[in-house]
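**Q** sequence and predicted model, in that order:
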Amino acid sequence: MPEVTTPYPTGTPCWVDLMAKDQQAALDFYRDLLGWQGQPGPEEFGGYAVCELNGKAVAGIGPVMAPEGMPEPPTVWTSYLATTDAQATQDAIVSAGGTVLVPTMDVGNLGRMTVAADPQGAVFGVWQPGEFFGAQVVNEAGALTWNELHTSDVQAATAFYREAFGIEIAPLNGADSYWELRVGDRAVGGVTLLANDPPGTPAHWLTYFAVDDVDSTVDALVKRGGTVLAPPFDMMAGRMTVVADPQGAPFAMIKPQPLA
C-alpha cells in the first residue's frame, strides 16, 4: 500500500473533499463504489467525515454549508494544496491575483485551511498541517491518484501557481497540449486546456481516483445513480473515465498503466 507518513511538500495536492447536500447518501455511494468507510464526525467540525480505506484516511465528505445570506456552494470535489504557512500562502494568492473565498482559519488542532480561486476562477483549498497532514494512502485502487487543473490560460496559471506555491508547470513529454505540475523534481499533478471540456465549463480542478477496473466500476456507478460524462477510453497514462456522482459532483477514475 502506498502509504504517506510525512507532511506533503508545499504545493503538492494533499487532500480532497466533497461538500454534499445529502452527506449520508454520499458516504453510502463512495463506500459502495470505492470501498471507503466513513461516518459523520463531531459537531465541532460540522459533522465532517474523514473517509478511510483499509483504516487510512483518503478523502473528506461533509454536509454542504453556506454563511447566512450566501448561496450554497456547488457540489464538487475540492483539491487542497499543501503549505507550511496558510496565512502567508493566502497573502501570496492575493498578491498573485487570486481570490480568497474562505479566509485562513484553524480546524481544531488538525491544521489550518484556506479556500481560494486562481485568476481564471479554478477553486482550490490550502492546507497547513497540524496533527493531520492529509491523505494517508494514495496511488492505489480506491485512493486519490492525480489532481488536474483545467484552465483557459496556461501561461497565466503558470505565473500564479509559481508565485503562490512555488509550483512549476512544464510540458509533458510525449503529450500534445498537456502539462505537468512539478514540485521540485516530482510531477504532482497535471494541467489541461479548458477548451477540451464541454462549452461553458468553468475553470476547475478535477480529482482522479484509481480503480482496478474502469469499465466495471463505471457499471457500478451507473447502477448507483451516477452519470458518465466521458465513457472509458485509453490514453497514455492508462484507461480512464470522467463521471459524476448522484449529487452531481464530477470526478475521474483511472486504471494507471504499470510503471515500466
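**A** Cool, the structure landed. Residues are numbered from 1 along each chain as shown.

**Q** please make it C-alpha for all contacts and neighbour counts, starting now.
**A** Fine.

**Q** quick one, what contacts residue 242?
**A** For residue 242, the set of contacting residues under the criterion of C-alpha atoms under 8 Å, 6 or more residues apart in numbering consists of 228, 229, 230, 231, 232, 250, 251, 252, 253.

**Q** pLDDT weak spots in the stretch 1-150 of the chain?
**A** For the stretch 1-150 of the chain, the stretches flagged by pLDDT under 70 are 1, 66-67.

**Q** which stretches in it count as strands?
**A** When secondary structure is read from DSSP state E, counting those that start in this stretch, the stretch 1-150 of the chain shows strands at 13-20, 49-53, 56-63, 77-82, 99-107, 111-117, 123-129, 144-151.

**Q** just the CA atoms of the third one, as PDB, please.
**A** Which is strand 56-63. Below are the C-alpha coordinates for strand 56-63, written out as PDB (Å, rounded to 0.1, in the frame of the first residue of the first chain):
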ATOM      1  CA  LYS A  56      -6.100   5.000   6.300                       C
ATOM      2  CA  ALA A  57      -7.600   8.500   5.600                       C
ATOM      3  CA  VAL A  58      -8.300   9.000   1.900                       C
ATOM      4  CA  ALA A  59     -10.800  11.900   1.500                       C
ATOM      5  CA  GLY A  60     -13.400  14.000   3.300                       C
ATOM      6  CA  ILE A  61     -17.100  14.300   2.900                       C
ATOM      7  CA  GLY A  62     -19.100  16.900   4.700                       C
ATOM      8  CA  PRO A  63     -22.600  18.400   4.600                       C
END
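
**Q** check the offset of the helix or strand hosting residue 162 from the chain's centre.
**A** Following DSSP states H and E, the helix or strand that holds residue 162 is helix 154-165. Its chain's average C-alpha position is 18 Å from that of helix 154-165, according to C-alpha atoms, centre = their mean, to the nearest Å.

**Q** residues of that helix that come out buried?
**A** Buried residues in helix 154-165, defined by neighbour count with 16 or more other C-alpha atoms under 10 Å: 154, 156, 157, 158, 159, 160, 161, 162, 163, 164, 165.
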